[in-house]
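A.B. asks: Using only what follows, build the 3D model:
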Amino acid sequence: MVTIDNDQDLRAALNRLTPDQQRQLGCRFAQQVMSLSRDERVNRAIATGLTDTITPGELEDAFRAARAYAVKTYTDCGRDTDWLAQADHFVAAAAAAALTPDEFMTERQNRAWKAAVQARMAVSCAMMEDDSADESHTARQQHALAAEFLG
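C.D. replies: Got it, this is the predicted structure:
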């Protein structure tokens with residue numbers, strides 16, 4: 001079994017994944033914070049990304065839905081102190097990161113890592129409204145989830 005104890009281990013493990021595995025694990029990271037999402041299209045996009053068999057058209061549709069919602073909610077992030085609305089934005093950003101098609105990826109980018117960071121941002125925003133939210137717990141959950149995925 002793979003052991004992942006910190007973010008360095010996590011990044012190293014994620015860099016060994018295929019693009020398809022990055023998508024699936026990235027969507028699992030987004031799924032962990034899906035309760036902070038306010039948009040059903042984002043939730044469906046995450047669910048679509050979790051499937052083992054996804055067509056290029058389904059991937060594109062899911063990415064576009066998540067990305068469109070992330071872009072729509074981005075302008076509210078800096079203007080408003082509605083922390084849960086900002087958390088919602090970062091859930092969509094996590095989903096969009098996980099679902100990013102190959103043609104939009106650079107050689108150094110990793111879908112799963114970007115989704116993990118965006119999911120943590122969602123939890124950080126939620127922490128402003130909810131004392132039970134815990135970013136360090138989310139990081140530990142991501143480490144465990146990645147180890148399970150790779151194991």
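A.B. asks: Could you pull up the residues touching D5?
C.D. replies: Residues near D5 by Cβ atoms under 8 Å, 6 or more residues apart in numbering: H143. For every residue, glycine as well, the C-beta is placed using N, CA and C.
A.B. asks: what pLDDT does it get?
C.D. replies: Confidence at D5, expressed as pLDDT, is 93.
A.B. asks: So what does it have for phi and psi?
C.D. replies: Main-chain torsions, D5, degrees, to the nearest 10: phi -110, psi -10.
A.B. asks: and the helix or strand of the chain with the lowest mean pLDDT, which residues are buried?
C.D. replies: Between all helices and strands in the chain, the lowest mean by mean pLDDT, DSSP states H and E belongs to helix 56-79, at a mean of 87. Across helix 56-79, burial judged by 16 or more other Cβ atoms under 10 Å covers L59, D61, A62, F63, A65, A66, R67, A68, Y69, A70, T73, C77.
A.B. asks: For it, which helices and strands make contact with it?
C.D. replies: Where contact means 3 or more Cβ pairs under 8 Å, 6 or more residues apart in numbering; DSSP states H and E, helix 56-79 is packed against helix 40-49, helix 83-99.
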